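**Student:** make a model of this:
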Amino acid sequence: WLGALWRDLLPGLWAIVVVPVLVYLACWWAWFASETGVDRHLFETWKAVFPPAIRSLWTYSSHVLDFHEHLVTKPGEQHPWESKPWTWPMGLRPMLYYWDSGTKGCGEASCVSATMLVGTPAMWWLAFPMIGWGLWRMIARQDWRYAAVMVAYLAGLLPWFLNLDRQMYFFYMTPVSAFLVLGLVLPLGQILGRARDGYERRGTGLLIVALYVGLVVANFVWLWPILNGDSITNARWQAELWLPSWR
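**Tutor:** Predicted coordinates:
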């Protein structure tokens with residue numbers, strides 16, 4: 001018991017409790033140093049062991065939580081770019097941040113500039129095969145690498161199904177995009193093969209991986225004008241909208 005306490009419990013508490021709390025508080029350094037931050041000076045006197053700044057941060061966080069708990073879509077007042085979480089894995093309903101039909105510089109009299117949050121289809125449209133393969137590797141093969149990716153990916157997606165009345169947008173999926181990439185990289189590594197595999201096997205795997213990565217890059221380059229808000233022709237703007245749900 002003493003060994004478990006000294007070697008497991010205390011280091012574990014330090015790693016997953018103390019360090020994350022310190023890092024989280026450090027992320028708020030600008031708020032702590034501010035004189036005009038929202039709710040920064042709700043409390044000015046010490047109470048028990050908690051300093052006023054920590055109590056103010058706790059209350060501010062509770063206000064943020066209360067706001068988001070009650071941020072629901074009213075009947076008949078749905079935002080035009082609102083979406084629900086079952087559309088997010090494939091990016092079926094992106095988010096339009098900016099659109100201007102009166103810009104110049106595209107080489108024609110009428111130009112369009114738009115900034116849209118949209119996932120590269122060459123990656124995002126493989127989300128469900130990636131999830132299926134990852135769950136199979138995690139459960140049937142007990143592959144910890146896939147388990148780490150799947151837990152993080154689903155933890156960022158599934159909780160949104162608990163309150164479907166809430167206003168939701170595709171940008172809530174952006175933190176999960178890193179795990180989508182990892183979920184695709186792992187099977188690509190299997191396709192590539194191991195270093196000790198034969199020359200022909202490795203060569204074939206490398207060709208498939210290179211072709212796919214090239215497709216992703218080309219797809220991203222095609223979408224770049226609407227990711228960056230460049231001035232483009234109306235014809236190019238229409239060509240960027242691949243799905244009716246993107247409009």
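
**Student:** quick check: buried residues in stretch 28-40?
**Tutor:** Judged by neighbour count (16 or more other C-beta atoms under 10 Å), stretch 28-40 contains these buried residues: Trp28, Trp31, Asp39, Arg40. Using the backbone N, CA and C atoms, a C-beta is placed for each residue, glycine as well.

**Student:** farthest-separated two in those?
**Tutor:** Spanning the widest gap among the buried residues of stretch 28-40 are Trp28 and Asp39, at 11.7 Å by C-beta to C-beta.

**Student:** related to what we said a few turns ago, which one of the buried residues of stretch 28-40 is nearest Leu96?
**Tutor:** Trp31 (30.6 Å).

**Student:** and the closest one, what does it touch?
**Tutor:** Residues near Trp31 by C-beta atoms under 8 Å, 6 or more residues apart in numbering: Gly37, Arg40, Leu57.

**Student:** so it lies in a strand, does it not?
**Tutor:** No: counting by DSSP: H, G, I helix; E, B strand; the rest coil, Trp31 is not part of a strand but helix.

**Student:** now flag whichever of the buried residues of stretch 28-40 is closest to Val181.
**Tutor:** Closest approach between the buried residues of stretch 28-40 and Val181, by C-beta to C-beta: Trp28, at 28.7 Å.

**Student:** so the closest one touches Ser56, yeah?
**Tutor:** No: applying C-beta atoms under 8 Å, one finds Trp28 not in contact with Ser56, separated by 10.4 Å.

**Student:** could you point out which element follows the longest strand seen in the chain?
**Tutor:** Ranked by number of residues, the top strand in the chain under DSSP state E is strand 95-103. Later in the chain than strand 95-103, the nearest helix or strand by DSSP states H and E is strand 111-117.

**Student:** buried sites along that next one?
**Tutor:** Buried-residue list, strand 111-117, by 16+ other C-beta under 10 Å: Cys111, Val112, Ser113, Ala114, Thr115, Met116, Leu117.

**Student:** mind listing what the third one touches?
**Tutor:** When you say that, I think you mean Ser113. By C-beta under 8 Å, 6+ apart, the contact list for Ser113 reads Tyr98, Trp99, Asp100, Thr103, Gly229, Asp230, Ser231, Ile232.

**Student:** the strand or helix carrying Tyr212 vs strand 95-103, what angle?
**Tutor:** According to DSSP H and E, Tyr212 maps onto helix 199-228. Taking axes from the mean of the first three to the mean of the last three C-alpha atoms, to 10 degrees, helix 199-228 and strand 95-103 form an angle of 60 degrees between their directions.
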